[in-house]
Every structure is written in structure tokens, then in C-alpha cells.
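Trainee: sequence unknown, structure follows:
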DNA sequence: GAATTAATCAACAACGTTGTTGATTAGATG
DNA sequence: CATCTAATCAACAACGTTGTTGATTAATTC
């Protein structure tokens, strides 16, 4: 490597947007390769920034990782709470999550790593909202908000990442409509025809804790 | 590091179980840290084997990774097909998946990385079985097998990893019963009370493709 | 029991990543 | 304009991982 004749090519200084560029690249990388796959080198490279600059903004790898994590927590609440009617809320949610695969991936990682991380405030408020809903006239009786919440969130997350295999924008929005239709259908009517499954109906009629007792 | 006086401590030779130990450690590691988090060094260390030995059994990191992948594909079919009644099948599935978190994690990675990997044969047969079911008297009308399959599989997978935070064995089996109850309830009755959501019922009555047309 | 095979390991070189340091200078402040 | 702060970068050392090679020897075969 010969010493370059040209003066060092300094970039225009704008620490705020530099930091944002680094964070953005980090999110992207975590989304692509999972949290362990993110390296400072690659992040800096993608952000078009010297590796040392990244260390100026984030003390070390761990701090960058938690910064990604925090950014995520911030936007999560926004997504779960809304005053739109349910049907539109579902569509908005699905569209957002398909349009932001890095977000879906982060969310899944978040769900899988709660023991290590801090407790998640926005998740609690989401479950609280489900509890209110479960008591309302619009809900089926006997709902378990905590577990239903897991189902309602995780299924679209995993699906959305899968759906992003679609190449064209058209294919993607078609897939959104298909999934939206199926999940609404399921929410309204379930999957099994109760008349054909009397034993299961009887089993579910009992509370969960008594199921396997005796 | 001084040269050791003792003769080199050779381990009893048993290539088959050595290979199995390496594969097992690899699975464990992929489960814990995701596919990018698996290093040959750590795998060898956990398997109690010299790193060079690992290279004797697997040409390189990639080959070990696909070996893990293949092991997974093999056991997948077994899990999805069964002649048990539905209710028990659900319980067995949930118990297995909670008892084998490394499997759940691998499965999720698999679902998220289909574009890179080879197409998944066992998934196709699973969807085919769902198609047959969808036409049967036991099913609700209008089911979309492909999308329903995603929901039915991904939700328990993500839940199971979350459920493994439970410390005691008792807590875990309690959680299994709760989730089992909720998912059966949902399969039978859905989530929303159709009478309270006439617009959504009307929306779902139309086929998915016509939803947003006009 | 001698010769062969191959399973196991230690040591090596090449490479990538990490975190640190010191030099350079853009932009802010006086 | 002179000074100061801190944003940016290049270079460095320490470390871990990768894949290779050659030595050692447990099993197997003849």
C-alpha cells in the first residue's frame, strides 16, 4: 500500500446525521444477519464512515447493539397503539411490517431475548389493551390475553419476513391481501368447525388449569 | 506456555459419536446465538474435541452449517405428520417444541431464510395435508391453507422460546397448558364475536383478491 | 505381529475484528 | 482573525477465527 498523494478526503461534518447513518446501517445489518452478525467494521463500511468514527459515537459493539435495541423499543409503542377500526389496524400493521423487514427481525429477536434484556413496557400496555378487549362484547368469551397476544404478534412477524421473498411490489401487496384475509377470517370464525369436534369443545370449556388434573 | 511433560492425552477413537458430538454442539450453538453466532472453535470446545478434528469431519464452517440444516429437515417431517387426534397432536407438538428450544430456533431461522436455502419438502406435505383438511367437514369454510399454515406453526415456535424463560419445570408445563388451552379455544371459536363485527364479516365474505378492488 | 488406514491433535499463517491512540482539520466561539 | 472543541480518520497492537499441514497413534487388516 503506497502512501496516497492526495490529501485525506474528509467528509462534511455533521455528527447528528453521521450517528444516524451508523445506527441505520447497524439496524440493517442486525436485520440481515441477526444480532451476532453485526460487526462494527461492516456497519462503518455501509455507513460510509471510518471505523474509528463509529467508536467516537458508540463506546463499543455492545453499546451500538443496545442503541439499536432502544431505537426499536421507541417505535414499538407507536405501532401497537392506535384508534383505527380493527380491520384497518390489521392492514396497516401488516403493511408496515412487510415494508420494514428489519423491524420484524428485530422484534423477533426482542421476543426471544427478553430474559437478558430489560422488561418491555410497550408489550405490557398492549396486553393490558387486550385484557380490556377480552371483557368487551366484541370478543369471544374465555380469551387468555397474554397468550393470545403472543399469537397475534408473532404470526404476522414471521410471515412478513417470509413474504418479503416476493420480488415485485405487486406480489408483495398481493401476499399482504391474502394474509390479511386469512387472519381476519380466523379471528372471526376460527379454524375448526365446533360441531365436528365435540370432545375438544368440552375440553376447552374447562379452564386451562383443570385440563389435565385428576 | 511450557511444553507439557505428559504424553498427549488422546481420546478414545469413535468417529461416529465424535461426529455426533460435534453436530450436537453445533445445533446447540446455532440455537443459542443464531446461525452467525456459531464458530468452529466454540463448537469444538463444547464437543470436547480438538478444532482440527472438527475439520476432519466437516470441510469448513459452511459444511457444518448445512449439516445442521439437514439434520433439522430430517426431523421436521416426523413432527408435522402424525395420526393422533388433533387435540393430542397439538399438545405433543407444544411439549416437544418447548422441550427442544434449539429446534424451535432452527425452525424459525429456516422459515426466515428460505430464499437462500433449498425448498423445504416437509413444509409442502404439511400444506398439502392442510388443504385436505380445509375441504373436510371438520374445517371452517374458506380457509387459506398456505397462510394458515404459517400462522399455526410460527406462533407456537415464537411462543415456545419465550416460554422457556420459565425456571422451574412446573412453570414450564403450566405455561404449556395455558397456551394449549388458548390455541385450541382460538381454533374452535376464533377471537372476535362475529355478531359485533358485521362489516368485517362482510369483508371476509368476499374473496381476498376482490377486497380492495374497484 | 507387521503394515495400513485414518482419527486425533498441536502448531502455523492468513485474515478479520476489536478497541486505542494520535494526527488532522471542520466548524464553533471569542 | 485567533483559539478551541470535537469530528473524522489512519495506523497499531491484541485477539479470535479460519483453514492447512504434519506428527502421533488407535484401530483395522492382512
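Mentor: Everything's here; your move. From a predicted model like this one, the values you see are computed outputs, not experimental measurements. Numbers count the residues shown, from 1 in each chain, chains lettered A, B, ... in the order given.
Trainee: now chain A, which segments are flagged as low pLDDT?
Mentor: Scanning chain A for pLDDT under 70 picks out the ranges A:1-12, A:73-74, A:76-82, A:113-119, A:210-214.
Trainee: Kindly report the domain assignment for chain A.
Mentor: Partitioning chain A according to automatic domain parsing yields domains covering residues A:13-69, A:81-208.
Trainee: Now do the longest one: distance to the chain's middle.
Mentor: So the one you mean is domain A:81-208. 12 Å (Cα atoms, centre = their mean, to the nearest Å).
Trainee: on that earlier part again, tabulate the domains of chain A in TSV, adding columns for mean neighbour count.
Mentor: (C-beta placed from N, C-alpha, C; glycine too.) Compiled in TSV, those are given as follows (neighbours: other Cβ atoms under 10 Å in any protein chain shown):
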stretch	mean neighbour count
domain A:13-69	17
domain A:81-208	17
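Trainee: could you dump those domains to TSV with distance to DNA strand D?
Mentor: Formatted as TSV, the domains of chain A follow (distance: least, Cβ to the nearest atom of the strand, whole Å):
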stretch	distance to DNA strand D
domain A:13-69	3
domain A:81-208	19
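Trainee: what would those domains look like in TSV with distance to residue B:99?
Mentor: Listed next are those as TSV, based on distance: least, Cβ to Cβ, whole Å:
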stretch	distance to residue B:99
domain A:13-69	24
domain A:81-208	17
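Trainee: Mind checking those domains for the one nearest to DNA strand C?
Mentor: domain A:13-69 (3.4 Å; Cβ to the nearest atom of the strand).
Trainee: Would the closest one count as contacting DNA strand C?
Mentor: Yes - on the criterion Cβ under 7 Å from any atom of the strand, domain A:13-69 is in touch with DNA strand C at A:13-14, A:39-42, A:51-52, A:55, A:59-62.
Trainee: Is chain B within reach of that domain?
Mentor: Yes - using Cβ under 8 Å from any Cβ of the partner chain, domain A:13-69 reaches chain B at A:33-37.
Trainee: contacting residues for residue A:60?
Mentor: Going by Cβ atoms under 8 Å, 6 or more residues apart in numbering or on different chains, residue A:60 touches no other residue.
Trainee: Please report phi then psi for it.
Mentor: Backbone torsions of residue A:60, given as degrees, to the nearest 10, read phi -160, psi -180.
Trainee: didn't residue A:148 look like it was pressed against residue B:190?
Mentor: No - using Cβ atoms under 8 Å, residue A:148 is not in contact with residue B:190, being 10.8 Å away.
Trainee: Can you name the residues bridging to residue A:139?
Mentor: residue B:192 (DSSP bridges).
Trainee: same for the helix or strand hosting residue A:124, what does it pack against?
Mentor: Taking DSSP states H and E as the definition, residue A:124 sits inside helix A:121-135. Using 3 or more Cβ pairs under 8 Å, 6 or more residues apart in numbering or on different chains; DSSP states H and E as the contact test, the elements touching helix A:121-135 are helix A:61-80, helix A:145-163.
Trainee: Quick one: name whatever helix or strand follows the first one.
Mentor: Remark: after helix A:61-80, the chain's next helix or strand is helix A:86-99, criterion DSSP H and E.
Trainee: What are the contacting residues of the helix or strand following that next one?
Mentor: Next helix or strand after helix A:86-99 toward the C-terminus (DSSP H and E): helix A:101-112. The contact list for helix A:101-112 (Cβ under 8 Å, 6+ apart) reads A:27-28, A:30-32, A:34-35, A:68-69, A:72, A:75-76, A:96-97, A:117, A:120, A:150, A:153-154, A:157-158, A:160-161, A:164, B:105, B:108, B:112, B:158, B:161-162.
Trainee: Identify the farthest-apart pair in the residues of domain A:13-69 next to DNA strand C.
Mentor: Greatest spatial distance among the residues of domain A:13-69 next to DNA strand C (Cβ to Cβ): A:13 and A:62, at 26.3 Å.
Trainee: these two touch, right, residue A:36 and residue B:37?
Mentor: Yes - Residue A:36 is within contact range of residue B:37, at 3.6 Å (criterion: Cβ under 8 Å).
Trainee: so what sits against both of those two?
Mentor: Counting by Cβ under 8 Å, 6+ apart, nothing touches both residue A:36 and residue B:37.
Trainee: Could you check the angle the helix or strand hosting residue A:20 makes with helix A:101-112?
Mentor: Remark: residue A:20 resides in helix A:15-33, with elements defined by DSSP H and E. Calculated by axes from the mean of the first three to the mean of the last three Cα atoms, to 10 degrees, helix A:15-33 forms an angle of 70 degrees with helix A:101-112.
Trainee: Can you name every helix or strand that helix A:15-33 contacts?
Mentor: helix A:40-47, helix A:51-57, helix A:61-80, helix A:101-112.
Trainee: which one of those lies closest to residue B:144?
Mentor: Taking these one by one with Cβ to Cβ, helix A:101-112 is closest: 20.5 Å.
Trainee: Can you read off the backbone torsions of residue A:207?
Mentor: According to degrees, to the nearest 10, residue A:207 has phi -70, psi 160.
Trainee: Please tell me how far it sits from residue A:141.
Mentor: Distance, residue A:207 to residue A:141, using Cβ to Cβ, to the nearest Å: 12 Å.
Trainee: same deal with residue A:36?
Mentor: Distance, residue A:36 to residue A:141, using Cβ to Cβ: 44 Å.
Trainee: With residue A:126 instead?
Mentor: Taken as Cβ to Cβ, the span from residue A:126 to residue A:141 is 21 Å.
Trainee: Please apply the same query to residue A:159.
Mentor: 27 Å.
Trainee: what's the helix holding residue A:20 in contact with?
Mentor: Counting by Cβ under 8 Å, 6+ apart, A:37-39, A:42-44, A:46-49, A:53-54, A:57-58, A:64-65, A:67-68, A:71, A:101-106, A:109, B:36 sit against helix A:15-33.
Trainee: give me that answer again for 6 Å
Mentor: Contact with helix A:15-33 is made by A:38, A:42-43, A:46-47, A:54, A:57, A:64, A:68, A:102, A:105, B:36, as judged by Cβ atoms under 6 Å, 6 or more residues apart in numbering or on different chains.
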